[in-house]
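Undergrad: have a look at this prediction, sequence included:
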Number of protein chains: 2
Amino acid sequence: MKVTILGNNSALPAFGRHPTSQAVTLYGEVILIDCGEGTQNQMQRFGIRWRSVHHIFISHLHGDHYFGLPGLITSMSLLGRTSPLFIYGPASLQGIIDSILGVSETELSYPLQFCPLPAAADVLVDNAYFKLTSFPVEHRIQCFGLLIEKKTRGRRILPDRCKENNIPPEAFESLKAGNDYVSETGEVIANGLVTEEGPQPKKYAYCADTRYTESYLEVIKGADAIYHESTYLKSDEKKAVDRFHSTAEHAAKIALRSEAKMLYLGHYSSKYKDLEPFEEEARQIFPNSHLTVEGIGYDI
Amino acid sequence: MKVTILGNNSALPAFGRHPTSQAVTLYGEVILIDCGEGTQNQMQRFGIRWRSVHHIFISHLHGDHYFGLPGLITSMSLLGRTSPLFIYGPASLQGIIDSILGVSETELSYPLQFCPLPAAADVLVDNAYFKLTSFPVEHRIQCFGLLIEKKTRGRRILPDRCKENNIPPEAFESLKAGNDYVSETGEVIANGLVTEEGPQPKKYAYCADTRYTESYLEVIKGADAIYHESTYLKSDEKKAVDRFHSTAEHAAKIALRSEAKMLYLGHYSSKYKDLEPFEEEARQIFPNSHLTVEGIGYDI
């Protein structure tokens, strides 16, 4: 699972930083989290293919988290997309999308399925490859976080070894599940000889925009990595609280208390040019804290 | 009057080209024409200050002409704008703006006045400095062009010469109007001694998006410069007609028949990387035809 940062700034574009968007890649699929203005350009720039995107999650309806969505969905249509696109967001996003498509008399070339986010923490998608769970956070307007759980696909088949041992493809599912192979003549071939350890399950939690709250600690507990917004430094803590945002220290406390293995920071206020102090403040509390940089893909 | 091109591509961003936007500067004021996604970034990049923008014209509601508007108007508010902003556009734009501000519970820091465009050619603004006239063009959905007429401000005062001749500032308005100065003692000072020729009136017409139509030739007649969309080359004329767009040749015919002095081309389809053929095709019919390039400010 890889998280590519397409935008890591807060509301106003500044210092070459863009509004929020992240592309989470797993099993060749991209889950897009938020879609600030210019996201389609950032995708082009950093090699995120729209064809791989089937799920878009919009955390809330402040413009810096979704003003790039109308452009992306219409571009996909102009480019002839046919596969369905699922958009998860606050309920009133649907009316806005409908109006925008309506006034331009646009009929999309593909089915767009809008799924309003449930008020309480709940599962949005649960398939063989991943599970998506949204949960409410605390912002000035209704806002949600997202937990992405990448599933294991069992043990990985070693095709050459299977061939050497005359194991037919019909037996692969059983091998993936960890069973030994028993041939028609009763010969047993140990699983470990013809498979290796497969991809591990992983958990990534996206927590933005929110003020400090422990309300969702249980949902994201033990994540391999969390991204938590850190709009301000500690010197601006009052501003953070008043505006329903967090400081780097708040983010670090959430990482610590949710027993995360790694913390990524972002959604920096446009007042800060130099970002190093964010990392420094967070590391005082949670040493494995890291600034995010646009265009970098972080392996989870 | 200067026209700075912020975006000159058609719907899909391509080859580093952006969706439509132009900033027309006159008397220190900026009139923004269309506002595709990313316009606020292009303004920053090319030094167009939002504080100078008081009038925004949106030609029609295809996304590549207005998806940057919500971001721009909210950024202006975050930056503390207080002066009124006038937006002229198709009537249904108002509902979209209201929804977007409503769901984010945004109260703008400044008054936003929305003015629906009239169905027939009509004057939108007429002040001491300029006059704006919109006119219908022919596109797949309702769409409008814009004529900007920069007014003369009379003759330009030469302050040093006035001082030498003891002419008080109270007399300047009369001098600007071209009158000689007559002192209290009856001495006559010729206007030409203490003034010089002032800024000339200019006309700039923006014609996009539209298929070839002569319906508005009278409105734009004799413009110092027109911008006319040229989405396609002649080899794609059928496509242009089917999609209510124009070719470079169509644009040149409008320039010729409206007796324009200069033609600027833009809104290039993303299928073309090389744009030289647009200029070549247009010049066959109207020699003073020019490609537009993003970031360049064209003096009208």
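TA: That came in fine, so what should we check first?

Undergrad: when you work out contacts or count neighbours from here on, use the C-alpha atoms and nothing else.
TA: Noted.

Undergrad: which outside residues touch stretch A:207-226?
TA: Defining contact as C-alpha atoms under 8 Å, 6 or more residues apart in numbering or on different chains, one finds that stretch A:207-226 is touched by A:59, A:121, A:135-139, A:143-147, A:202-206, A:227-229, A:240-241, A:243-246, A:250-251, A:254-255, A:257-264, A:300.

Undergrad: switch the cut-off to 7 Å
TA: Residues outside stretch A:207-226 that contact it (C-alpha atoms under 7 Å, 6 or more residues apart in numbering or on different chains): A:135, A:137-139, A:143, A:145-147, A:202-206, A:227-229, A:241, A:244-246, A:250, A:255, A:258-264, A:300.

Undergrad: span of that stretch from start to end?
TA: 7 Å (C-alpha to C-alpha, to the nearest Å).

Undergrad: pretty sure A:Cys115 contacts A:Pro90?
TA: No. Using C-alpha atoms under 7 Å, A:Cys115 is not in contact with A:Pro90, being 8.5 Å away.

Undergrad: which of those two has more residues huddled nearby?
TA: A:Pro90 (22 against 16; other C-alpha atoms under 10 Å in any protein chain shown).

Undergrad: taking the stretch 151-300 of chain A, what residue is nearest to chain B?
TA: Going by C-alpha to the nearest C-alpha, chain B is nearest to A:Ser270 of the stretch 151-300 of chain A, at 10.8 Å.

Undergrad: what's the closest non-adjacent residue to that residue?
TA: Leaving aside its chain neighbours, A:Ser270 sits nearest to A:Ala14 (5.6 Å; criterion: C-alpha to C-alpha, 6 or more residues apart in numbering or on different chains).

Undergrad: mind listing the helices for the stretch 1-150 of chain A?
TA: Along the stretch 1-150 of chain A, counting by DSSP state H, counting those that start in this stretch, helices occupy A:39-45, A:69-78, A:93-103.

Undergrad: now what about stretch A:263-281, what contacts it?
TA: Contacts of stretch A:263-281 (C-alpha under 7 Å, 6+ apart): A:8-10, A:12, A:14-15, A:20, A:225-233, A:248-249, A:255, A:288-292.

Undergrad: got the buried residues for that stretch?
TA: Within stretch A:263-281, the residues that count as buried by 16 or more other C-alpha atoms under 10 Å in any protein chain shown are A:263-270, A:272, A:278-281.

Undergrad: quick check: residues of the stretch 101-250 of chain A near chain B?
TA: Within the stretch 101-250 of chain A, the positions near chain B by C-alpha under 7 Å from any C-alpha of the partner chain are A:Val103, A:Ser104, A:Ile141.

Undergrad: turn the residues you listed into CSV, columns for distance to B:Glu184, neighbour count and pLDDT.
TA: CSV is the format used below for these (distance: C-alpha to C-alpha, whole Å; neighbours: other C-alpha atoms under 10 Å in any protein chain shown; pLDDT from 0 to 100):
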residue, distance to B:Glu184, neighbour count, pLDDT
A:Val103, 65, 19, 96
A:Ser104, 66, 16, 96
A:Ile141, 69, 16, 97
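
Undergrad: now do the SS call for the residue of the stretch 151-300 of chain A closest to chain B.
TA: Assigned by DSSP: H, G, I helix; E, B strand; the rest coil, the conformation of A:Ser270 is coil.

Undergrad: phi first, then psi, for it.
TA: According to degrees, to the nearest 10, the main-chain angles of A:Ser270 amount to phi -70, psi -10.

Undergrad: tell me which element the residue of chain A most remote from its centre falls in.
TA: Centroid-distance maximum for chain A: A:Thr185 at 48.4 Å, with C-alpha atoms, centre = their mean. Using DSSP states H and E, A:Thr185 maps to neither a helix nor a strand.

Undergrad: okay, the residue nearest to A:Ser270: pLDDT?
TA: Reported pLDDT at A:Ala14 in the predicted model: 86.

Undergrad: same check, this time on A:Arg153
TA: So A:Arg153 comes in at 86 (pLDDT).

Undergrad: likewise for the one 10 residues further on?
TA: In the predicted model, A:Lys163 carries a pLDDT score of 95.

Undergrad: helix/strand/coil for it?
TA: Secondary structure, three-state DSSP: A:Lys163 is helix.

Undergrad: re earlier: so which of the contacts of stretch A:263-281 sit within helices?
TA: In helices, defined here by DSSP state H, the members of these are A:Ala248, A:Glu249, A:Ala255.

Undergrad: closest one to B:Thr39 out of the residues you listed, please.
TA: Distances from B:Thr39 to the ones in helices among the contacts of stretch A:263-281, taken as C-alpha to C-alpha, are shortest for A:Ala248 (30.9 Å).

Undergrad: which residues touch the closest one?
TA: A:Ser230, A:Tyr232, A:Leu233, A:Phe278, A:Glu281, A:Ala282.

Undergrad: now for the first one, how many residues are close by?
TA: The one in question is A:Ser230. Residues lying near A:Ser230 (other C-alpha under 10 Å) number 33.

Undergrad: which one is A:Ile296 nearest to, not counting chain neighbours?
TA: Closest to A:Ile296 by C-alpha to C-alpha, 6+ apart is A:Thr4, at 5.6 Å.

Undergrad: separation between that neighbour and chain B?
TA: 21 Å (C-alpha to the nearest C-alpha, to the nearest Å).

Undergrad: just A:Gly28 next, same as before
TA: 25 Å.

Undergrad: now the contacts of A:Ala248 in JSON lines, with pLDDT and distance to A:Ile157?
TA: Shown next, in JSON lines, are these (pLDDT from 0 to 100; distance: C-alpha to C-alpha, whole Å):
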{"residue": "A:Ser230", "pLDDT": "98", "distance to A:Ile157": "42"}
{"residue": "A:Tyr232", "pLDDT": "97", "distance to A:Ile157": "48"}
{"residue": "A:Leu233", "pLDDT": "98", "distance to A:Ile157": "49"}
{"residue": "A:Phe278", "pLDDT": "98", "distance to A:Ile157": "44"}
{"residue": "A:Glu281", "pLDDT": "98", "distance to A:Ile157": "45"}
{"residue": "A:Ala282", "pLDDT": "98", "distance to A:Ile157": "42"}
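
Undergrad: could you dump those residues to JSON lines with distance to A:Gly36?
TA: JSON lines is the format used below for the contacts of A:Ala248 (distance: C-alpha to C-alpha, whole Å):
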{"residue": "A:Ser230", "distance to A:Gly36": "17"}
{"residue": "A:Tyr232", "distance to A:Gly36": "19"}
{"residue": "A:Leu233", "distance to A:Gly36": "23"}
{"residue": "A:Phe278", "distance to A:Gly36": "22"}
{"residue": "A:Glu281", "distance to A:Gly36": "27"}
{"residue": "A:Ala282", "distance to A:Gly36": "25"}
